[in-house]
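Q: Sequence first, then the predicted structure, then my questions.
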Amino acid sequence: MRQHILNDADTLTGRSGQASDLWYESEDINANDVPYLMSLLQESFSQWLEESNGLPLMNRVALSLFSPELKVADTAGALARNIPMDEAAMQAAQEALTGQAIAIIHSSGCAAIAVPLMRRKDEQQPFAVLTAVAPEADDVLIAQLQAATFHLRGCFYRRFERMFIADIIQHQRMSERDAQHRASLFAAAKRLYDGIDVGSVLSEMMQSLVALYPDSRIRLYLSQDHMKGDARVKPLHFNHPSGDFVAKSFLEAKPFVRPREGGLVDLAVPMSGKQAVYGVLRLLINDQLWDPADLPALVLLADTAGSAFENAKLYEQSNVLIGELRLINELTKLLSQSLKLKDIFNYTTSELLRIYQADCCCLLSYDKEQQKFVVMSSNLPSFENEQFSIEYGFTGVVYRSQEPVIISDYWQSNSVSSRWMDDTGSRSLIAAPILSGSEVVGVILVGHRSPNYFSYENYKLLQVLSSHIGLAMSNASLHAEVRRMVITDHLTGLSARHYLNDRIQRKQRKDRCGSLIVVDIDKFKSINDTYGHQVGDQILMQVSETIKASIRDTDIAARWGGEELAIYLPEIRREQAYRIAERIRMKVESDTSPSVTVSCGLSEWTFEDDKVSVESLFYRADMALYQAKNSGRNRINIG
């Protein structure tokens, strides 16, 4: 129906405020009312018949009500109808419409009288014609029909006014409803934009929808990590049973509405931000409660939620990034404070367990000589110093690809077998290579016993952390190598003299005893003169290898100077030291080529000595060596 616009001063009682001057009594039908005219005529005719019951007119004629298009709206009367009578009524109605006056047609022994019903504002334009067919037309019948026409016209306009008022009331209700919707949407939008975290934004949107559509079933399908704890928020799967509907809305970024069985309406509305579509809002509403005019408001709410979700996500990501940068800075600072690889491994393991709240963590170092990965640090002692092939497990996957790995559920993945995952009971895994340049020097494994525990952000963070851990390892390795070069004699591979002095001093502070053997290669100068310095160097290396093969890992062998070598034996008394020196002397004599001999001077210290010092220990060993050299060489003397 047409819309009638009211000014604020207008009231249903009248523009002047007086009940006797009803403004709507001057309203008339127009072109917008044509679709409703036939039903109005039928209702008016029925009311008129009810109010005119018992009038003599009804017993004398056959009545018909025609629309301006000469369509029969309704009929009544006690007189039996026939085709000639209907044709006469139609002809009379046509003449009445054309002439805008009463028309009488005589045909086949009957008379048809037609009276036009004129409009209020345009009394020259009829909106209907009432016809009466009787055996004859007399003045009394015509007068009765005219009176009936006035009555019918009054019934029609009362019906029209009622419809008009109902239209205004409906329009007012719709306006109030729209205003309420707009107010609700504004309040919801304000609350949505006030939310600075994803969870509050999604919760607010769901609460707003429940308030707007309390009897509907609401679901939100998110393409990203969904909010845990709300069963109505679910991940968006493209193989979802209703995926053709929800996924289509997501992919095309358009709302879709479809009818469902049981008198329901199914809606899918995309939740869009400025950068992307983040999910799809799905509502199942009773078709009696759904108004298609509500769709724009629903789309607006979804778009507002999408923008708020996007802002909250960006804020959340910026906080995560700030936290990650702070974490990286702290980790780098702490890692740089230690130049010992073991400390770096242990600290990294404990920090990764803390950062990810993980159940298990393992750091492996690549051993180039054995071509295996060695567990350097783990929160599970049973894995300490374990070795794994470069082809085995997830370590092998990371080594070959040089890329990080994320496993959501190890139990559901049969592609790779891993003893570490099996023994720890882990289902989720993130792993990353530790790179030095373009080479993999280690692998980090972080596991958790829950499936789908690690996020993509966790995966990316480990990738960044691994590069800093790799840098710290490289620095520590470089420092260790430089230190090794400083304390190691380049030719023999034995320790340098200053390192030996330092170690003996430390041992004398905490041990109870120790022995020192000073070894000198006999007639070394003549070997250099006879065979050349290159052979002399080879002899030095052969003797050094013999010494290293004859002592413990805890013993310290060093190049004392020139052809003199020294061996310190912690917690060894001179009797046992003598046997070790003798073993070295015999092996040198038998294993060197060209064959050489050595002379040895031996000394010891105990905590009972009056004076315990490195200088005293070396002095006595040096004097003993001097005596051995002067006593014929190839012998051992104790000082």
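A: Done, it's in.

Q: okay, CA-based contacts and neighbour counts for the rest of this
A: OK.

Q: and residue 187, how many neighbours?
A: 12 (other Cα atoms under 10 Å).

Q: what bridges to the closest residue in space to residue 407 that isn't next to it in sequence?
A: In space, and not counting its chain neighbours, residue 407 is closest to residue 429: 5.0 Å by Cα to Cα, 6 or more residues apart in numbering. In this structure, residue 429 bridges to residue 407, residue 447 when assessed by DSSP bridges.

Q: repeat for residue 103
A: Beta-bridge pairing for residue 103 (DSSP bridges): residue 114.

Q: I figured it was touching residue 95, is that so?
A: Yes. Using Cα atoms under 8 Å, residue 103 is in contact with residue 95, at 6.1 Å.

Q: okay, and for the chain, where does confidence drop off?
A: For the chain, the stretches flagged by pLDDT under 70 are 1-24, 80, 181, 193, 195-196, 225-229, 239-243, 334-339, 479.

Q: mind giving me the domain split of it?
A: 23-168, 195-315, 338-482, 497-638 (automatic domain parsing).

Q: Any idea how far the helix or strand containing residue 515 is from the middle of the chain?
A: Secondary structure assigned from DSSP states H and E places residue 515 in strand 513-521. Centroid separation for strand 513-521 versus its chain: 68 Å, with Cα atoms, centre = their mean, to the nearest Å.

Q: now the angle between strand 513-521 and the helix or strand following it, please.
A: Per DSSP H and E, the first helix or strand lying C-terminal to strand 513-521 is helix 524-531. On the basis of axes from the mean of the first three to the mean of the last three Cα atoms, to 10 degrees, helix 524-531 is oriented at 30 degrees to strand 513-521.

Q: helices or strands up against helix 524-531?
A: helix 533-550 (3 or more Cα pairs under 8 Å, 6 or more residues apart in numbering; DSSP states H and E).

Q: what angle sits between the helix it packs on and helix 524-531?
A: 130 degrees.

Q: re earlier: list of residues touching the strand holding residue 515?
A: Residues from elsewhere that reach strand 513-521, judged by Cα atoms under 8 Å, 6 or more residues apart in numbering: 508, 563-574, 577, 581, 596-607, 617-618, 621-622, 625.

Q: Distance from the chain centre to the lengthiest helix in the chain, please.
A: When the chain is scanned for its longest helix (criterion: DSSP state H), the result is helix 139-194. Relative to its parent chain, helix 139-194 has a centroid offset of 51 Å by Cα atoms, centre = their mean.

Q: C-terminal to that helix, what's the next element?
A: Moving toward the C-terminus from helix 139-194, the next element (DSSP H and E) is helix 198-212.

Q: Can you check what angle separates whichever helix or strand comes after that following helix from helix 198-212?
A: Once the chain leaves helix 198-212, the next helix or strand it forms, by DSSP H and E, is strand 217-222. Angle between the axes of strand 217-222 and helix 198-212 is 150 degrees (criterion: the same axes, to 10 degrees).

Q: For strand 217-222, which strands pair with it and how are they oriented?
A: Counting by DSSP bridges, the strands paired with strand 217-222 are strand 233-235 (parallel), strand 277-286 (antiparallel).
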